[in-house]
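**Student:** this is a predicted model, with the sequence first.
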Amino acid sequence: MAFGVGAAFGINFFLMAQLSLRVTGMTWGDFLAAHLPGLALAGVVGTGVWAVVDWLREFHLSPLPLLIDTALLASAGGLLLCWILPSLFLGRDGLSLLRLLAAVAPAWPRMKKATD
């Protein structure tokens, strides 16, 4: 049952990717290059979290504290890695989004005052 659900998700991902590539005119190489920073981040964070969870299981933590610790570690670790090495873990598109947000961020207090 779980294999069928996983296969359906995989097929759906590749069909939607093919449709997106056709609409945008991108190639599969461009698509892969756009996903490499996310894959690198997932690999580094996933490896670190796996090691810490393995260590925490030695303390016989119940599932909920283990889940909370894991989520906090993955979130903090991912954000820290993106802050330390943004070009590696965010890529060109992520850096472009950060520049856009930095340009808009100073306007947020002004927009809030204007709507009050």
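**Tutor:** Structure's in. What do you need?
**Student:** show me how far the helix or strand harbouring Ala8 is from its chain's centre.
**Tutor:** Assigned by DSSP states H and E, Ala8 belongs to helix 2-24. Remark: helix 2-24 is offset 18 Å from the chain centroid, using CA atoms, centre = their mean, to the nearest Å.
**Student:** center of the chain, which residue is that?
**Tutor:** Nearest to the geometric centre of the chain sits Gly38, at 5.7 Å (CA atoms, centre = their mean).
**Student:** beyond the helix holding Ala8, next helix or strand please.
**Tutor:** Defined by DSSP H and E, the subsequent element after helix 2-24 is helix 28-57.
**Student:** buried residues in that following helix, which are they?
**Tutor:** Residues of helix 28-57 classed as buried: Pro37, Ala40, Leu41, Val44, Val45, Val49, Val52, Val53 (neighbour count, 16 or more other CB atoms under 10 Å). Using the backbone N, CA and C atoms, a C-beta is placed for each residue, glycine as well.
**Student:** can you give me the neighbour number for Leu100?
**Tutor:** Counted with other CB atoms under 10 Å, the neighbours of Leu100 add up to 10.
**Student:** the inter-axis angle of the helix or strand harbouring it versus helix 28-57?
**Tutor:** Element membership of Leu100 [criterion: DSSP H and E] is helix 91-104. Calculated by axes from the mean of the first three to the mean of the last three CA atoms, to 10 degrees, helix 91-104 forms an angle of 80 degrees with helix 28-57.
**Student:** since that was my last question, I'll sign off now.
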